[in-house]
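J.: test case, fold it:
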Amino acid sequence: MTIDLLPATGVRLPGPLPELVFGMSEQYARRVLAPHAALSDAFVCGTDWAVGFDLPGCSITLSASDGGGLSIISLSRRPVDERVACPVAFQGVDVFRWSAAEIIEALHEQGETVQEHHSGSVWIGNLHLSPTLGHQMTASTRKKPRTAPPYVFGFVCLYGPGMLSRDRRP
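T.: Prediction:
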């Protein structure tokens with residue numbers, strides 16, 4: 001039950017769900033997903049349409065801008081979901097399971113160019129991984145720990161081919 005991130009194509013969902021391909025229309029996306037997931041209208045700033053749905057442990061939003069077909073696929077981890085979470089994989093690495101440092105190292109070893117930013121987010125081509133910070137204050141002491149625990153990625157955004165130029169990256 002893995003969700004595979006396919007940067008040039010879109011996202012392969014676990015069977016029997018369909019593959020979500022960049023360029024598909026909103027109507028087509030709704031039609032192929034409706035038998036498998038509860039769809040909802042979503043809001044994504046600057047887009048023409050957005051559709052959201054949940055899979056075990058993961059929320060997914062599809063959106064498009066400039067009057068075209070599917071151009072942005074976002075996934076976020078849902079830690080409150082009691083179901084076993086679907087792995088979200090890029091090049092065979094589950095981007096929500098391991099620490100950010102382990103993911104970056106594994107992708108470097110596979111020859112991927114990983115651009116790290118001071119915010120803790122990374123870019124790998126048209127794939128953007130954003131952190132969920134793990135250094136929250138504890139309830140008992142109300143203080144931050146002396147050393148921050150490793151952070152993990154909690155949000156992934158995959159942009160369709162040609163959607164981003166280096167000048168347009170957020």
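
J.: for the chain, longest helix please?
T.: helix 100-109 (DSSP state H).

J.: packing partners for it?
T.: strand 93-94, strand 122-124, strand 127-132, strand 152-159 (3 or more CB pairs under 8 Å, 6 or more residues apart in numbering; DSSP states H and E). Glycine gets a C-beta too; all of them are placed from N, C-alpha and C.

J.: using a markdown table, lay out the ones you listed together with mean pLDDT.
T.: Shown next, in a markdown table, are the helices and strands packed on helix 100-109 (pLDDT from 0 to 100):
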| stretch | mean pLDDT |
| --- | --- |
| strand 93-94 | 92 |
| strand 122-124 | 93 |
| strand 127-132 | 90 |
| strand 152-159 | 92 |
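
J.: between those strands, which one is nearest to Arg31?
T.: strand 152-159 (21.5 Å; CB to CB).

J.: show residues contacting the closest one.
T.: 5, 7, 10-11, 71-77, 88, 95-96, 98-100, 103, 126-132, 134 (CB atoms under 8 Å, 6 or more residues apart in numbering).

J.: just how off-centre is the longest helix of the chain within its chain?
T.: Centroid separation between helix 100-109 and its chain, computed with CA atoms, centre = their mean, to the nearest Å, is 17 Å.

J.: ditto for stretch 73-88
T.: Distance, centroid of stretch 73-88 to centroid of chain: 10 Å (CA atoms, centre = their mean).
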